[in-house]
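>>> heads up, no residue letters with this:
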């Protein structure tokens, strides 16, 4: 039986400034190469373009957080449809409601679903409902750091960390458009479920090394 891998794909990886076609070509090739051994649930985030939409809205009129959440969800839906479109030959489906388990042969794609939560939380819940013990988060950072390395020269990379210590870094509150390694609400739920989360950058050879339990660069939270 194939192992199910839950993969959280950051929106800023899909659409950093423009759609990263070269990355998506490599991503398709790598995922297909792994299908004989794995099934993938790919949860698509919103990333920079999501934050751009939310910031634009905030500059025009003040709204309740639920308005920004719904705006962000729509961006993740578009990203999910893009990822679906590059796997149509493998019958990929977009199915964001993790509460209703569906059978799939190769690839299932998720996105934003409920206001008040992020796609990190959705990924955690997919892992829970589909009995996956590990969640891999592909983002634009190589490691989690003790503090923002763009602002602080003394920031130190973290290779392994407990959920208790990680949650001290990210805090407890979620707001639409937050830019964190893994969001606070999702972190709390992952800790409750005793889920292991691995945060990687977009180096797909590194991703394969992680899956094959070889040496890799990234942060393991458990």
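Structure received. None of the values given here were measured: they were computed from a predicted structure.

>>> From now on I want contacts and neighbour counts done on CA atoms only, so please keep to that.
Noted.

>>> helix or strand right after the longest helix seen in the chain?
Taking DSSP state H as the criterion, the chain has its longest helix at helix 65-85. Scanning forward in sequence from helix 65-85 by DSSP states H and E, the next helix or strand is strand 93-94.

>>> ok, that next one: who's next to it in the sheet?
Counting by DSSP bridges, the strands paired with strand 93-94 are strand 107-110 (parallel).

>>> Can you give the distance from the strand it pairs with to the centre of its chain?
Distance, stretch centre to chain centre, for strand 107-110: 12 Å (C-alpha atoms, centre = their mean, to the nearest Å).

>>> In terms of secondary structure, what does whichever helix or strand comes after it contact?
Where DSSP H and E defines the elements, the next helix or strand beyond strand 107-110 is helix 119-129. Applying 3 or more C-alpha pairs under 8 Å, 6 or more residues apart in numbering; DSSP states H and E, one finds that helix 119-129 contacts strand 3-9, strand 38-44, strand 134-138, helix 184-193.

>>> Rebuild those as CSV, extending it with distance to residue 206 and mean neighbour count.
CSV is the format used below for those (distance: least, C-alpha to C-alpha, whole Å; neighbours: other C-alpha atoms under 10 Å):
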stretch, distance to residue 206, mean neighbour count
strand 3-9, 14, 23
strand 38-44, 17, 25
strand 134-138, 10, 23
helix 184-193, 23, 19
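
>>> what residue ranges in this protein score low on pLDDT?
The chain contains residues with pLDDT under 70 at 172-180.

>>> ok so, going back, what's the closest of the helices and strands packed on helix 119-129 to residue 203?
Closest approach to residue 203 among these (C-alpha to C-alpha): strand 134-138, 8.8 Å.

>>> ok so, going back, would you mark the buried spots in the longest helix of the chain?
For helix 65-85, a neighbour-count test (16 or more other C-alpha atoms under 10 Å) marks 67-77, 79-81, 83-84 as buried.
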